[in-house]
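Undergrad: here is the input, now give the coordinates:
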Amino acid sequence: MTDSILPGTLVTPVWLAERLARPELRIVDIRGYVKTEDQGGGQQRAEYVGARDEYDHGHIPGSVFVDWTTDIVDLEHEVKAQLAPADRFAEAMGQRGIGDDTDVVAVDHTGGHFATRLWWALKYYGHDRVAVLDGGFNQWKALGLPLTDVVPEVQRRSFPPRERPELRVEAEELLARIGERSSLVVDARDPPSTRVQSAAGHAEGMCQLLSTCGRSLSSMTTARGRRMTNCGKSSRRVACVQMCR
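TA: Have a look, this model is predicted:
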């Protein structure tokens, strides 16, 4: 197996633009939306949408599309948008040319929760060679970097899932940990969603990670004897996942 070329959890648009032709690199466009409607009383109605039409209109050259609402979720689960079972996830990755020696860069609009969802899902199934594009597609486009509407032909690969259950906590486990000083629960939902849902309450002991979170996150990690820096808006969810692993 070849060594990874990824410099870390985040890659910049310039770094990626200089390596578009690297054969071991696979860019995954996972742009999408959660469209919400306030129902009152702290309740929302959510519509989950993949942005395939935007991908078809223009994307980073060589990138493949993953619909976060269908391709990497368990369609049979009673709760929407739960992680797909191992075989389904492996099929989705293999179809897109991702194997053991593939470096993956996940791209959404801003480097937010869709890209980090795929980042976490790949790690959950044993694939550490993954990073998130800092600033996402919007930053790439703002810098005037190349776009295309050509959908690449990719060679199917074998993706062997190796589940890491320690990277996932079920509701029952979270309930059991409430009040334990050894665990820190961070609410990384976008502020509008958090404000609406706060009317209906939140898990006891949960602290909120705001979009301007540098100071708040610093104080939280210092209290645990761990220190983190550079918690900008585009990277806040990645940092949160690393901190709470």
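
Undergrad: this structure: helices as residue ranges?
TA: Counting by DSSP state H, the chain has these helices, from start to end: 13-17, 52-57, 86-95, 113-124, 136-142, 171-177, 191-198, 214-223, 236-244.

Undergrad: now the residue in the chain sticking out farthest from the centre. Its backbone dihedrals?
TA: The outermost residue of the chain, judged against the average C-alpha position, is Gly41 (29.2 Å), by C-alpha atoms, centre = their mean. Note on Gly41: backbone dihedrals following degrees, to the nearest 10 are phi 70, psi 30.

Undergrad: any idea how many residues pack against Ser182?
TA: By other C-beta atoms under 10 Å, 6 other residues sit near Ser182. C-beta coordinates here come from the backbone N, C-alpha and C atoms, glycine included.

Undergrad: and Ser63, by the same measure?
TA: Residues near Ser63, counting by other C-beta under 10 Å: 25.

Undergrad: would you mind listing the residues in contact with the closest residue to it other than its chain neighbours?
TA: The shortest distance from Ser63 to any residue that is not its chain neighbour, by C-beta to C-beta, 6 or more residues apart in numbering, is 3.8 Å, and that residue is Ile27. When contacts are counted by C-beta atoms under 8 Å, 6 or more residues apart in numbering, Ile27 touches 16, 20, 60, 62-64, 104-105, 107, 133.

Undergrad: which of those are buried? Put it as a ChimeraX command.
TA: In ChimeraX syntax, the buried subset of the contacts of Ile27 is picked out as below (16 or more other C-beta atoms under 10 Å):
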select :16,60,63,64,104,105,107,133
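
Undergrad: would TSV of the contacts of Ile27 with distance to Glu54 and pLDDT be doable?
TA: Output for the contacts of Ile27, formatted as TSV (distance: C-beta to C-beta, whole Å; pLDDT from 0 to 100):
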residue	distance to Glu54	pLDDT
Leu16	18	98
Leu20	19	97
Ile60	12	98
Gly62	17	98
Ser63	12	98
Val64	14	98
Val104	20	98
Val105	18	98
Val107	11	98
Leu133	15	97
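
Undergrad: narrow the contacts of Ile27 to those in strands?
TA: Counting by DSSP state E, the members of the contacts of Ile27 that fall within strands are 64, 104-105, 107, 133.

Undergrad: and which of those residues is nearest Leu174?
TA: Comparing the ones in strands among the contacts of Ile27 against Leu174 with C-beta to C-beta picks out Val104 as the nearest, at 28.3 Å.

Undergrad: for that closest one, give the beta-bridge partners.
TA: Arg26, Val130 (DSSP bridges).

Undergrad: can you pull the contacts of it?
TA: If you count contacts by C-beta under 8 Å, 6+ apart, Val104 has them with 26-28, 98, 118, 122, 127, 129-131.

Undergrad: ok, 6 Å please
TA: 26, 28, 130 (C-beta atoms under 6 Å, 6 or more residues apart in numbering).

Undergrad: those residues into JSON lines, with extra columns for neighbour count, distance to Leu75 and pLDDT?
TA: Shown next, in JSON lines, are the contacts of Val104 (neighbours: other C-beta atoms under 10 Å; distance: C-beta to C-beta, whole Å; pLDDT from 0 to 100):
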{"residue": "Arg26", "neighbour count": "24", "distance to Leu75": "24", "pLDDT": "98"}
{"residue": "Val28", "neighbour count": "26", "distance to Leu75": "20", "pLDDT": "98"}
{"residue": "Val130", "neighbour count": "23", "distance to Leu75": "23", "pLDDT": "98"}
